[in-house]
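Student: Provided below are the primary sequence and the corresponding predicted coordinates.
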Amino acid sequence: MRDLIPQIGNWFWLIAACVLLILELMAPGVFFIWLAFAAATVGVIAYVVQMSWQVEAVLFAALSLTYAYLGAPWYSRGRTSGTDQPNLNQRIHEHVGKSFMLVEPIVGGHGKLDIGGTRWDILGPDMAAGTMVKVSGVEGQKLRVIGG
């Protein structure tokens, strides 16, 4: 094994960078990209500067941590950026602020509301069927309603 590592040299790191980039494409999230950057950087540095494989390994570990640390804010900023559809895949939040007519009464603070062919669990004060209610919020998977 000792003889194999010096023979591979900087090509090892460039091949490792390519393999890590392929893993990045196959895996969810963004993680392997930082390791691929670190491997490519070590490969370029090893091409210019003669180092032992132990120093290359330590440099790879240090660069991996550095790139992951520096890349985390960039990645999280992109994930939490504003969107023109903030309630995408959260249909329940689309109903907040809208008014609907109760088809069934609210009894004991719990009831059901039909909205566009979907039946939603609701929470609110007791009200008779036929009363107009306004959705004031969401609690878990239930709509909070108020009269009017």
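Tutor: Sure thing, it's come through. Residues are numbered from 1 along each chain as shown.
Student: Least confident secondary structure element in this structure?
Tutor: Lowest mean confidence among the helices and strands of the chain (mean pLDDT, DSSP states H and E): helix 4-8, at a mean of 58.
Student: Would you indicate which residues of the longest strand along the chain are buried?
Tutor: If you go by DSSP state E, the chain has its longest strand at strand 132-139. Across strand 132-139, burial judged by 16 or more other Cβ atoms under 10 Å covers V133, K134, V135, V138. (Glycine included, C-beta is placed from N, CA and C.)
Student: Tell me how far the lengthiest helix in the chain lies from the chain's centre.
Tutor: Longest helix of the chain, by residue count under DSSP state H: helix 53-79. Distance of helix 53-79 from the chain centroid (Cα atoms, centre = their mean, to the nearest Å) equals 19 Å.
Student: Show the average pLDDT along that helix.
Tutor: Mean pLDDT, helix 53-79: 84.
Student: Show me what it is packed up against.
Tutor: helix 32-48 (3 or more Cβ pairs under 8 Å, 6 or more residues apart in numbering; DSSP states H and E).
Student: CA atoms only: put the helix it packs on into PDB for me.
Tutor: The C-alpha trace of helix 32-48 is given here as PDB (Å, rounded to 0.1, in the frame of the first residue of the first chain):
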ATOM      1  CA  PHE A  32     -20.000  16.000  -1.400                       C
ATOM      2  CA  ILE A  33     -19.300  19.100  -3.400                       C
ATOM      3  CA  TRP A  34     -17.200  20.500  -0.600                       C
ATOM      4  CA  LEU A  35     -15.200  17.300  -0.400                       C
ATOM      5  CA  ALA A  36     -14.700  17.400  -4.200                       C
ATOM      6  CA  PHE A  37     -13.400  21.000  -4.000                       C
ATOM      7  CA  ALA A  38     -11.000  20.000  -1.300                       C
ATOM      8  CA  ALA A  39      -9.800  16.900  -3.200                       C
ATOM      9  CA  ALA A  40      -9.300  19.000  -6.400                       C
ATOM     10  CA  THR A  41      -7.400  21.700  -4.500                       C
ATOM     11  CA  VAL A  42      -5.100  19.100  -2.900                       C
ATOM     12  CA  GLY A  43      -4.600  17.600  -6.400                       C
ATOM     13  CA  VAL A  44      -3.500  21.000  -7.800                       C
ATOM     14  CA  ILE A  45      -1.300  21.800  -4.800                       C
ATOM     15  CA  ALA A  46       0.300  18.300  -5.000                       C
ATOM     16  CA  TYR A  47       1.000  18.900  -8.700                       C
ATOM     17  CA  VAL A  48       3.000  22.100  -7.800                       C
END
